[in-house]
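Novice: here are the coordinates; sequence isn't available:
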């Protein structure tokens with residue numbers, strides 16, 4: 001199997017049909033169809049389920065797709081490393097992030113970086129933490145921004161200072177405690193809670209210590225969706241303090257720090273250890289340190 005076959009197969013799967021993939025690859029649709037049939041013949045298996053307007057993969061096709069994604073990521077990463085090394089004034093930076101961390105500093109960092117390196121472009125993948133590390137491993141991205149502790153044997157990383165978790169409430173269903181800016185865990189009993197998966201275990205454990213099982217109405221790692229659900233009145237959401245930047249100040253939402261006990265999280269910026277980063281990625285990490293890191297632990 002040649003690289004061009006992998007690229008064509010990957011484009012067909014990503015686009016969902018032959019015609020869109022042909023446009024993306026700038027080749028005729030019949031030629032691409034013949035190329036896919038030759039690929040199936042050479043492998044001796046069916047890769048696609050026929051008779052559907054949108055591409056459906058067979059089990060063999062799914063396996064090939066996962067392998068091709070990894071191989072092309074490595075090829076693309078290697079080419080980029082070679083061509084960009086030693087420059088850093090042009091090219092692209094490939095970053096994977098979870099929304100609650102990226103929203104904390106990425107917009108201002110990207111703006112400042114663009115002012116210093118105007119020929120550099122950004123490619124941003126937004127996903128959950130596990131997927132971000134998978135993209136790092138396959139070299140589809142160079143920098144990952146998560147809230148997950150990175151394996152020091154595999155990744156170099158910068159860990160930002162802890163930030164508190166807060167409860168976002170609809171003003172029509174707001175808990176008024178002893179302090180206007182705080183809410184105690186025990187005050188959440190019988191309240192409808194919207195909870196990110198990543199903090200479910202620790203949050204439920206703290207509630208049980210306080211003598212109750214929380215009433216979970218929604219579990220979602222999409223911080224933006226969680227805040228929107230609060231706005232509609234579905235419940236109150238546990239989010240990191242940095243998520244305040246995602247909230248429009250119209251007076252409908254109330255934010256209170258979670259206390260008794262406090263719950264904390266932190267942002268981790270990671271990249272593969274023993275890998276030559278592109279010059280643009282190195283410049284980006286250097287600017288990140290300049291803007292956001294005081295006591296660096298890496």
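Specialist: Done, it's in. The model shown is predicted, which means the values in this text are computed figures rather than measured ones.
Novice: How about residues contacting stretch 203-221?
Specialist: Residues from elsewhere that reach stretch 203-221 (C-beta atoms under 8 Å, 6 or more residues apart in numbering): 98, 128, 185-186, 188-198, 200, 226, 229, 234-235, 238, 261, 263. Just so you know, the C-beta spots here come from the backbone N, C-alpha and C atoms, and that holds for glycine as well.
Novice: where do the strands sit along this structure?
Specialist: For the chain, the strands defined by DSSP state E occupy 48-49, 56-57, 91-97, 120-126, 143-146, 155-159, 163-170, 182-184, 192-195, 215-219, 236-240, 253-259, 264-265, 268-272.
Novice: Domain-wise, how is the protein divided?
Specialist: As given by automatic domain parsing, the domain ranges for the chain are 3-80, 87-161+266-292, 163-264.
Novice: Just name the most buried of those.
Specialist: domain 87-161+266-292 (a mean of 18; mean count of other C-beta atoms under 10 Å).
Novice: Quick one: mean pLDDT over that one.
Specialist: The average pLDDT within domain 87-161+266-292 is 88.
Novice: Tell me the bridge partners for the residue nearest to residue 241 when sequence neighbours are not counted.
Specialist: Excluding the flanking residues, the one nearest residue 241 by C-beta to C-beta, 6 or more residues apart in numbering is residue 163, at 4.6 Å. Beta-bridge partners for residue 163, by DSSP bridges, are residue 265.
Novice: what's residue 163 in contact with, if anything?
Specialist: Per C-beta under 8 Å, 6+ apart, neighbours of residue 163: 240, 241, 242, 264, 265, 266, 267.
Novice: Now distance to residue 132 too, for those, in JSON lines please.
Specialist: Formatted as JSON lines, those follow (distance: C-beta to C-beta, whole Å):
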{"residue": "240", "distance to residue 132": "16"}
{"residue": "241", "distance to residue 132": "21"}
{"residue": "242", "distance to residue 132": "17"}
{"residue": "264", "distance to residue 132": "21"}
{"residue": "265", "distance to residue 132": "15"}
{"residue": "266", "distance to residue 132": "15"}
{"residue": "267", "distance to residue 132": "12"}
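Novice: got the contact list for residue 19?
Specialist: By C-beta under 8 Å, 6+ apart, the contact set of residue 19 is residue 29.
Novice: Swap in 10 Å and give it another go.
Specialist: Contact analysis of residue 19 by C-beta atoms under 10 Å, 6 or more residues apart in numbering lists 12, 29, 32, 33.
Novice: same check, this time on residue 228
Specialist: With C-beta under 10 Å, 6+ apart, residue 228 has these contacts: 194, 222, 234, 237, 246.
Novice: just checking, which of the contacts of residue 19 belong to helices?
Specialist: Under the assignment DSSP state H, the contacts of residue 19 contribute 12, 29, 32, 33 to helices.
Novice: Tell me the one of the residues you listed nearest residue 61?
Specialist: Set against residue 61, the nearest of these by C-beta to C-beta is residue 12 (9.8 Å).
Novice: For that closest one, which non-adjacent residue is spatially closest?
Specialist: residue 21 (4.3 Å).
Novice: next one: residue 40
Specialist: Closest residue to residue 40 apart from its sequence neighbours, by C-beta to C-beta, 6+ apart: residue 47 at 5.3 Å.
Novice: gap between that neighbour and residue 160?
Specialist: The gap separating residue 47 from residue 160 is 44 Å, by C-beta to C-beta, to the nearest Å.
Novice: Residue 166 touches residue 227, doesn't it?
Specialist: No. The criterion here is C-beta atoms under 10 Å, and residue 166 misses it with residue 227 at 11.2 Å.
Novice: anything in contact with each of those two?
Specialist: Jointly contacting residue 166 and residue 227 under the rule C-beta under 10 Å, 6+ apart are 237, 239, 243, 244, 255.
Novice: okay if I get those residues as a markdown table plus distance to residue 133 and pLDDT?
Specialist: Converted to a markdown table, the shared contacts of residue 166 and residue 227 look like this (distance: C-beta to C-beta, whole Å; pLDDT from 0 to 100):
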| residue | distance to residue 133 | pLDDT |
| --- | --- | --- |
| 237 | 25 | 95 |
| 239 | 22 | 92 |
| 243 | 22 | 82 |
| 244 | 27 | 81 |
| 255 | 30 | 91 |
